[in-house]
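quick one: sequence plus predicted model below, questions after.
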Amino acid sequence: MTESIAKPFPSSSQDSAPQPKPVRRWVSLDLLRGATVALMILVNTAGDGSVSFAQLRHSAWNGCTLTDVVFPLFLFWMGLAMAISFASRHARQISSGAIVRQAARRAATIVALGLLLNALPFFHLTTLRYCGVMQRIGLCYFLAAVLLLFLDARKLVATVAVLLLGYWALLTLVPVPGYDGQNGLALGVLNPETNLASALDRIAIPVLHRYHHTFYDPEGLLSTLPALATVLCGALAGLWLRRKQGHGLKAMGLAGAAAVALALFWNLALPINKRMWTSSYVLLTAGIALILLALTKWWFDGDRPRSPLPFGTPLLAFGSNALVAYMLSEVVSILIGTILFPGFANLQQWSYALIPAWTAPAPVRSLLWSILFTSLCYLPIHVLYRKKIFIKL
């Protein structure tokens with residue numbers, strides 16, 4: 001199997017290197033992906049965001065909360081799944097060119113669906129937000145697919161290093177447009193408005209098409225580079241596990257701990273920041289993902305695997321139709337936020353008010369509403385899972 005790490009995805013079925021053997025489905029990956037999607041839905045739909053627990057909200061700027069970890073975890077698991085899936089396709093004699101074409105079609109579909117979500121419910125195209133979560137997923141998926149198919153593991157590691165160090169250099173050393181030639185260091189590292197990523201968003205994206213019509217977009221142009229590094233970190237984890245045939249989990253956990261430690265050290269020079277997707281943030285979240293992966297794979301996919309059923313069924317269901325679950329939650333959230341209700345601004349506020357104030361403190365009630373909303377989104381996903389319908393966008 002050492003050949004598969006040096007050249008993980010041969011471009012032709014005629015390649016003399018041995019093809020990777022198909023592997024059974026990893027329960028750990030479905031569980032981790034499902035838990036991430038469930039948490040993504042929960043933190044995106046608070047009963048009252050103004051009173052939510054701090055860990056269930058994004059950091060105002062620098063720093064990292066539980067909510068800030070969710071999206072990069074999703075991208076990491078996506079990269080991991082890509083490494084497994086692409087190897088399996090090559091084992092079935094599907095060429096790299098064919099996989100790239102499939103990846104392009106899938107990426108275009110995901111981006112289009114993201115734009116559709118942003119256009120709901122009234123399709124005011126003059127204020128349509130161009131960027132978004134789905135758009136970032138689609139773009140990173142395609143770019144990572146090309147790199148994963150045509151670079152070996154060592155070059156992928158080098159690519160991640162270049163992306164992270166290059167992004168750091170761009171944010172600190174390159175003059176920020178509109179600020180008299182001063183760079184990020186002179187203006188204060190990651191000042192919200194006077195950083196290169198925000199400035200480029202303002203240049204390239206008209207204000208009416210930016211996130212909440214603000215001075216930047218959290219899924220903007222330049223920060224796509226480190227987000228791509230997050231996906232590649234997941235892909236490298238997948239290649240490592242295939243090469244080790246599921247072993248080497250202790251080393252993976254230690255690598256995750258080292259990444260977290262390096263991220264905290266780098267934070268002193270380049271703050272951990274989700275909204276700018278800083279290099280230190282990539283290392284922190286990738287380290288957390290590696291630790292979670294090592295623990296979960298050891299428990300559920302090890303020499304004596306434990307069954308996640310029945311308590312893991314909701315997570316397996318969410319993980320099997322991850323993007324569908326996310327899109328469903330966004331559509332439902334938009335609808336209940338749009339439907340007017342007598343005495344309240346909308347249906348969402350009315351449904352939250354049904355939870356009596358005397359039952360619990362406001363943050364707990366907000367969390368309870370989020371759990372009920374997530375459970376509502378789970379019902380159709382559970383039906384799909386029971387019927388073994390897996391929709392791949």
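Arrived safely.

show me where the stretch 51-200 of the chain has helices.
Secondary structure of the stretch 51-200 of the chain, counting by DSSP state H, counting those that start in this stretch: helices at 66-91, 96-119, 133-150, 153-173, 184-187, 196-204.

could I get those as JSON lines with mean pLDDT, mean neighbour count and distance to Pro363?
(Glycine included, C-beta is placed from N, CA and C.) Below are the helices of the stretch 51-200 of the chain laid out as JSON lines (pLDDT from 0 to 100; neighbours: other CB atoms under 10 Å; distance: least, CB to CB, whole Å):
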{"stretch": "helix 66-91", "mean pLDDT": "95", "mean neighbour count": "22", "distance to Pro363": "14"}
{"stretch": "helix 96-119", "mean pLDDT": "96", "mean neighbour count": "16", "distance to Pro363": "28"}
{"stretch": "helix 133-150", "mean pLDDT": "97", "mean neighbour count": "21", "distance to Pro363": "25"}
{"stretch": "helix 153-173", "mean pLDDT": "97", "mean neighbour count": "17", "distance to Pro363": "34"}
{"stretch": "helix 184-187", "mean pLDDT": "92", "mean neighbour count": "18", "distance to Pro363": "36"}
{"stretch": "helix 196-204", "mean pLDDT": "96", "mean neighbour count": "20", "distance to Pro363": "31"}
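
of those, which approaches Leu228 most closely?
helix 133-150 (5.1 Å; CB to CB).

so what secondary structure elements neighbour that closest one?
In this structure, helix 133-150 packs against helix 66-91, helix 96-119, helix 153-173, helix 224-243, helix 322-338, with contacts taken as 3 or more CB pairs under 8 Å, 6 or more residues apart in numbering; DSSP states H and E.

could you dump those helices to a markdown table with distance to Leu295?
Listed next are the helices and strands packed on helix 133-150 as a markdown table, based on distance: least, CB to CB, whole Å:
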| stretch | distance to Leu295 |
| --- | --- |
| helix 66-91 | 14 |
| helix 96-119 | 29 |
| helix 153-173 | 23 |
| helix 224-243 | 13 |
| helix 322-338 | 20 |
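
looking at those, which is closest to Leu292?
Among the helices and strands packed on helix 133-150, the nearest to Leu292 by CB to CB is helix 66-91 (7.8 Å).

determine the angle, from 0 to 180 degrees, between the closest one and helix 153-173.
Relative orientation of helix 66-91 and helix 153-173, computed by axes from the mean of the first three to the mean of the last three CA atoms, to 10 degrees: 150 degrees.

other SSEs contacting helix 66-91?
helix 27-44, helix 96-119, helix 133-150, helix 224-243, helix 279-301.

redo the ones you listed as JSON lines? Include distance to Trp266.
Output for these, formatted as JSON lines (distance: least, CB to CB, whole Å):
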{"stretch": "helix 27-44", "distance to Trp266": "24"}
{"stretch": "helix 96-119", "distance to Trp266": "30"}
{"stretch": "helix 133-150", "distance to Trp266": "22"}
{"stretch": "helix 224-243", "distance to Trp266": "12"}
{"stretch": "helix 279-301", "distance to Trp266": "4"}
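
for stretch 375-391, give the mean pLDDT please.
Mean per-residue pLDDT for stretch 375-391: 95.

stretch 315-327 too?
95.

so how far is it off the chain centroid?
Taking CA atoms, centre = their mean, to the nearest Å, one finds stretch 315-327 lying 13 Å from the centre of the chain it belongs to.

contacting residues around that stretch?
Contact with stretch 315-327 is made by 27, 29-38, 40-41, 74, 110, 113, 117, 133-134, 137, 308-309, 377-378, 381-382, 384-385, 389-391, 393, as judged by CB atoms under 8 Å, 6 or more residues apart in numbering.

narrow the residues you listed to those that are buried.
27, 29-38, 40-41, 74, 110, 113, 117, 133-134, 137, 308, 377-378, 381-382, 384-385, 393 (16 or more other CB atoms under 10 Å).
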